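# starting from these lines, generate the structure:
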Amino acid sequence: MMATSGKDACGLNGEEPSVSLTSNNEKSLVNGATTEASALSKPQNGGGTGAERFAFSPEPTIEDIRRMQAQFTDERDWNQFHQPRNLLLAMVGEVGEVSELFQWRGEVAEGLPDWTEAEREHLAQELSDVLIYLVELAEKCRVNLPQAVLRKMALNRLKYPANKVHGSAKKYTEYKD
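Now for the predicted structure:
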């Protein structure tokens with residue numbers, strides 16, 4: 001588990017993240033995901049069976065996450081340990097922890113309907129560890145991750161034109177013009 005888990009985790013302004021509930025079916029945040037207030041009886045980390053598309057909350061941004069982790073690391077004088085190679089290896093270890101949660105389960109349905117809330121929360125924590133390390137690795141390598149994602153998505157659109165690959169799982173080198 002990543003060192004930023006537990007008591008030292010904090011919100012954007014140093015306080016614990018909170019959930020705002022509304023009575024008029026207005027959007028609110030539940031465990032970092034945007035949802036309808038009427039759906040708050042559903043498990044917080046997925047498990048919903050509805051056909052609505054999942055959406056992340058607008059906050060925190062990737063830059064917010066970078067700043068929170070930088071502050072966390074600075075407060076502990078851990079920058080001496082957080083070099084690119086070490087961050088990469090730590091991230092791979094966290095990916096291994098995510099993999100363990102899926103190991104021996106067979107295929108897992110979208111939304112994790114067969115998972116308990118505790119299992120979903122464990123997954124949320126491990127995925128958070130992966131994201132935090134990814135963002136810090138990008139920072140240390142001076143990769144502007146949001147801009148890199150835009151460039152990569154544009155490249156993927158060229159490599160995988162929808163009219164040629166629709167419904168196919170083949171690699172771009174396997175289909176012909």
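# quick one: the strands in this structure?
27-30, 33-36 (DSSP state E).
# what's the spacing between residue 88 and residue 104?
Distance of residue 88 to residue 104, given as CB to CB, to the nearest Å: 27 Å. Just so you know, the C-beta spots here come from the backbone N, C-alpha and C atoms, and that holds for glycine as well.
# what does residue 169 give?
Per CB to CB, residue 169 is found 24 Å from residue 104.
# residue for residue, what is the longest helix the protein has?
Counting residues, the longest helix found in the chain (DSSP state H) is helix 117-140.
# so which elements touch that one?
Helices and strands touching helix 117-140, by 3 or more CB pairs under 8 Å, 6 or more residues apart in numbering; DSSP states H and E, are helix 62-75, helix 84-102, helix 145-159.
# now the ones you listed in TSV, with mean pLDDT, mean neighbour count and distance to residue 55?
Below are these laid out as TSV (pLDDT from 0 to 100; neighbours: other CB atoms under 10 Å; distance: least, CB to CB, whole Å):
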stretch	mean pLDDT	mean neighbour count	distance to residue 55
helix 62-75	98	15	16
helix 84-102	98	15	21
helix 145-159	96	11	17
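# redo the ones you listed as CSV? Include distance to residue 122.
Output for those, formatted as CSV (distance: least, CB to CB, whole Å):
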stretch, distance to residue 122
helix 62-75, 20
helix 84-102, 6
helix 145-159, 25
